[in-house]
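Asker: Please work out how this folds:
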Amino acid sequence: MKPTDWKIWLEKELLADRSKENVLRIAEIARNDGQLLESIFVVIEEGKAPYDWRAAWVLDHLNQIEPSATPKHLNRMIRFLPTTSSDSLRRTFLKIIGTHPIPDENSGVLMDECFKLLKNPASAIAVRAWCMNILVDFAKEYPEICNELKPILEEISKTGSAGEKSKANKMLKTLDKES
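Answerer: Numbering: from 1, shown residues only. Predicted coordinates:
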């Protein structure tokens with residue numbers, strides 16, 4: 001199939017059946033077909049609901065069944081983060097990014113975006129949780145960010161939701177062990 005045909009096929013499949021089984025079936029096909037994987041990104045980047053978040057769900061499952069399929073697209077995901085207002089897309093991309101080593105060339109963009117999202121109490125809880133993970137990983141390589149990260153985590157540990165408080169406390173303990 002041509003890439004445009006894959007995109008049309010993907011959009012039809014995403015609307016026809018929202019089941020996890022269908023998502024896994026599409027992910028399995030994308031595992032072996034780079035053109036379908038490219039079409040998944042095109043659909044996500046177009047930002048048309050519900051196609052975008054359903055395509056991201058496929059990408060998340062692809063990352064779970066074949067983790068080696070997504071690292072070459074991490075820079076693309078990182079560059080996309082500041083352009084979207086969708087917490088579901090942010091959550092999915094941060095989850096995928098957080099399971100792989102961060103590419104150097106866009107690490108500054110990712111770090112800035114994670115700090116911005118973490119500081120914003122309106123960000124979804126899962127988005128903030130993934131930002132905490134990613135920033136604590138960054139702190140291993142760039143310990144100087146701890147001066148900015150620790151006060152944010154301390155504030156979240158006092159004012160966040162129960163899940164955010166728990167996660168922030170765990171991340172503070174991790175930072176304390178490593179410093």
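Asker: which of the residues in the lowest-mean-pLDDT helix or strand in the chain are buried?
Answerer: Using mean pLDDT, DSSP states H and E, helix 3-16 stands out as the lowest-scoring helix or strand of the chain, at a mean of 91. Neighbour-count burial for helix 3-16, counted by 16 or more other C-beta atoms under 10 Å, picks out 6-7, 10-11, 13-14. Where you see a C-beta, it was placed from the backbone N, CA and C, and this is true even at glycine.
Asker: Got the domain ranges for the chain?
Answerer: Residue ranges for the domains of the chain, per automatic domain parsing: 1-69, 74-179.
Asker: what's the distance between the first one and the middle of its chain?
Answerer: Counting by C-alpha atoms, centre = their mean, to the nearest Å, domain 1-69 is centred 16 Å from the centre of its parent chain.
Asker: Show me what the one helix or strand residue 27 maps to is packed up against.
Answerer: Using DSSP states H and E, the element containing residue 27 is helix 20-32. Helices and strands touching helix 20-32, by 3 or more C-beta pairs under 8 Å, 6 or more residues apart in numbering; DSSP states H and E, are helix 3-16, helix 34-46, helix 51-65.
Asker: Can I get the buried residues of helix 3-16 in a markdown table including distance to residue 27?
Answerer: Output for these, formatted as a markdown table (distance: C-beta to C-beta, whole Å):
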| residue | distance to residue 27 |
| --- | --- |
| 6 | 14 |
| 7 | 16 |
| 10 | 11 |
| 11 | 16 |
| 13 | 11 |
| 14 | 12 |
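Asker: burial of the nearest residue to residue 132 once chain neighbours are set aside, as a residue count?
Answerer: Spatial nearest neighbour of residue 132, excluding adjacent residues (C-beta to C-beta, 6 or more residues apart in numbering): residue 171 at 4.8 Å. Counted by other C-beta atoms under 10 Å, the residues lying close to residue 171 total 22.
Asker: Count the neighbours of the closest residue to residue 178 other than its chain neighbours for me.
Answerer: Computed as C-beta to C-beta, 6+ apart, the closest residue to residue 178 that is not its neighbour in sequence is residue 140, at 6.3 Å. Using other C-beta under 10 Å, residue 140 has 10 other residues around it.
Asker: per-residue confidence at residue 140?
Answerer: Note for residue 140: predicted pLDDT of 93.
Asker: What lies in contact with the host helix or strand of it?
Answerer: In this assignment (DSSP H and E), residue 140 forms part of helix 125-141. Helix 125-141 has contacts (C-beta atoms under 8 Å, 6 or more residues apart in numbering) with 87, 90-91, 94-95, 97-98, 102, 107, 110-111, 114-115, 117-118, 123, 145-146, 149, 153, 156, 160-161, 163-164, 167-168, 171, 174-175, 178.
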